[in-house]
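Colleague: give me coordinates for this.
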Amino acid sequence: MAEREAAQHKSSSSSEQRTETKSKDGGATVTTTTTKVTTRTVSGSAASKNISPLAKFKQLDKQAAAQQAQKSSPTTSTPTTPGGSAQPLFKFTDPALNARAATVKDQLLQWCKHKTQEYENVQINNFSSSWSDGLAFCALIHHFLPDAFDYTTLTKQTRRHNFELAFSVADEKAGIAPLLDVEDMVEMSRPDWKCVFVYVQSIYRRFRNCQ
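Modeller: Just a heads-up that it's a prediction; the model follows:
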């Protein structure tokens, strides 16, 4: 009931118009009163709430998953939540690696490790602290776009620059939406793993068919 009242609010106002008519022969005065009622209907809530970053990530993730589902066969589903038990996000050709990647989260983590294993100062063990200095993002993007920037000039101390570089190159060169906010990443020593996980999924979707 409350939601319905919030979604649609009606307000009304009324005005009276009084007219007096007096007969010519001095008879009784006839008073006519006309009441005009105006009703106005306003639809929509009073104010829309801001969507949290994680909610936005999930919304974009669902849209991307829906688009991917249309391209895949009817019997194949791609899980979009950590630890999903449906069809795997992807499979490694190496049986040993594939066996260790029991969940979607583990498989994506193994994929990131595999793509960044040659990069200095990058050791990916999780989706939180391992990404806190921005080098993991830079290494992952540089692996697929080696001509976009010189990775060897980056250091752990230039965290803000690392995040800005990785997110801007991914957006401009590969069309990967910058779902993570640079300011938030700089302020946190342990980023929210769910936010990082969703963004890395976007990177995977873009480059999964690349070496």
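Colleague: CA only for contacts and neighbour counts going forward, please
Modeller: Will do.
Colleague: ok, and what's touching stretch 169-179?
Modeller: Residues outside stretch 169-179 that contact it (Cα atoms under 8 Å, 6 or more residues apart in numbering): 53, 57, 141, 148, 167-168, 199, 202-203, 206.
Colleague: would you map the strands across this structure?
Modeller: 8-22, 29-43 (DSSP state E).
Colleague: rewinding a little: would TSV of the contacts of stretch 169-179 with pLDDT and distance to D181 be doable?
Modeller: Below are the contacts of stretch 169-179 laid out as TSV (pLDDT from 0 to 100; distance: Cα to Cα, whole Å):
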residue	pLDDT	distance to D181
P53	55	9
F57	56	12
I141	97	17
A148	97	21
F167	97	9
S168	97	11
Y199	96	11
S202	95	15
I203	96	16
R206	94	20
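Colleague: and the residues you listed, which two are furthest apart?
Modeller: Across the contacts of stretch 169-179, the longest distance by Cα to Cα is 27.6 Å; it joins P53 and A148.
Colleague: about what we covered before: now the buried members of the contacts of stretch 169-179.
Modeller: Neighbour-count burial within the contacts of stretch 169-179 applies to 57, 141, 167-168, 199, 202-203; the criterion is 16 or more other Cα atoms under 10 Å.
Colleague: sorry, back to before: name the nearest of the contacts of stretch 169-179 relative to Q117.
Modeller: I141 (13.1 Å).
Colleague: wait, the closest one touches A166, no?
Modeller: Yes: applying Cα atoms under 8 Å, one finds I141 in contact with A166, separated by 6.6 Å.
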